[in-house]
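> please find the sequence and the predicted model below.
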Amino acid sequence: MAPVAVEPLVLLANPDKWLTESLESVLTQGGYRVLATPKRQQVLELARRQLPDAILLDMALDQRSSDNLALCRALRADPSVSRATPILLTTAGPALRAQQIEALRAGAWELRGDPLDLEELVLRLGAYVQGKLEVDRLGSEGLVDRVSGLYNEAGMTRRSAEIAAFTARQGLPLACAVFQPADGVLTAGSADRLADAVKRAGRISDAVCRTGPVEFAVFAPATDETGAEGLVQRITDAVARTAAVKLRAGTSTAPAGTRPSGGRSSTNLHLPAPPSPTELLDRARLALN
């Protein structure tokens, strides 16, 4: 495995000493610096202080909680943890589809179960980390709208492609929703307040983007047509309350596909390719009402 160009920092939080040592060894050989802890109460503090480039988090740290994704949600919601920082979850036993969806909703990029392929995990982590480092290199103005903190068009292109690749690989649906004010022309200040309201209404698992002064796009993984309708209702209601702006919306979805198995089959080879994020965005714009 070729080492990455720099030495990104990975926060490794796992109560299993043997697995931690194995992961730390593989990561170090791959060119990473590793900060490891087996203690749940240290994870958020370390993430805030050390600003890791990736977080590998085992769900066993939340095993005493009724919500075993609480720590993941706390990390993703914390303003000191970049939205570009990949959070990969691991769990004992197989990672069921329902668990995958809940992990996405909690802000994780992936959930991996047993048996854990360490080489594949680290290679995939490398791809995610390179994207995060590129965001850092370009600076906040490169991929993020300076005023609102939402993804701009360049950021949307990158992040939506990552989400689309993941949902296709996992056989999950993907929805896109586009929002615009229903009537009236907004001043620059009102448009920025609208952007802030849309940002607050978005879920941590979604890519919320500002694609124009008063146009917003949301890419929502693990979301089908019914879920897209609920997403639109939630955001339009929240924006009406907080910004007093009525929105019109359009949606499009890529249906759940067949999750690929270990080998290729003739059936999988003839499955139509899912629509690209650009196609989803265009369809959502056409559906605006």
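Thanks, I have it.

> R76: which element?
If you go by DSSP states H and E, R76 is part of helix 70-77.

> which elements pack onto that helix?
helix 40-50, strand 54-58, strand 87-90 (3 or more CB pairs under 8 Å, 6 or more residues apart in numbering; DSSP states H and E). Using the backbone N, CA and C atoms, a C-beta is placed for each residue, glycine as well.

> make TSV from these and add distance to L111, mean neighbour count and mean pLDDT to it.
Formatted as TSV, those follow (distance: least, CB to CB, whole Å; neighbours: other CB atoms under 10 Å; pLDDT from 0 to 100):
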stretch	distance to L111	mean neighbour count	mean pLDDT
helix 40-50	17	15	91
strand 54-58	10	24	94
strand 87-90	4	23	93
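
> helix, strand or coil: sort out L11 for me.
Secondary structure, DSSP: H, G, I helix; E, B strand; the rest coil: L11 is strand.

> for it, the count of nearby residues, please.
24 (other CB atoms under 10 Å).

> over to the one 4 residues further on?
Under the neighbour criterion other CB under 10 Å, P15 is assigned a count of 14.

> phi, psi of it?
P15 has phi and psi values of phi -80, psi -10 when expressed as degrees, to the nearest 10.

> from now on call the first residue 147
Shifting the count to begin at 147 puts that one at P161.

> so what's it closest to, chain neighbours aside?
Spatial nearest neighbour of P161, chain neighbours left out: P184 (4.7 Å); criterion: CB to CB, 6 or more residues apart in numbering.

> residues near the one you found, how many?
16.

> that one and A206, how far apart?
10 Å (CB to CB, to the nearest Å).

> need the residues touching each of the two.
Here P184 and A206 have N160, P161 as joint contacts, going by CB atoms under 8 Å, 6 or more residues apart in numbering.

> the residue nearest to P161: what's it in contact with?
If you count contacts by CB under 8 Å, 6+ apart, P184 has them with A159, N160, P161, K163, T166.

> from C322, how far out is it?
40 Å.

> ok, K185 next?
Counting by CB to CB, the gap from K185 to C322 is 40 Å.

> these two: which has the busier surroundings?
It is C322, of K185 and C322, that has more neighbours when counted by other CB under 10 Å, with 32 against 11.

> part of a helix, is the more buried one?
No. Assessed by three-state DSSP, C322 does not belong to a helix; its assignment is strand.

> list the contacts of the residue lying closest to it once chain neighbours are set aside.
Of all residues not flanking C322 in the chain, L426 sits nearest, at 3.9 Å (CB to CB, 6+ apart). Contacts for L426 were tallied using CB under 8 Å, 6+ apart; they are S306, L320, A321, C322, F365, S398, T399, A400.
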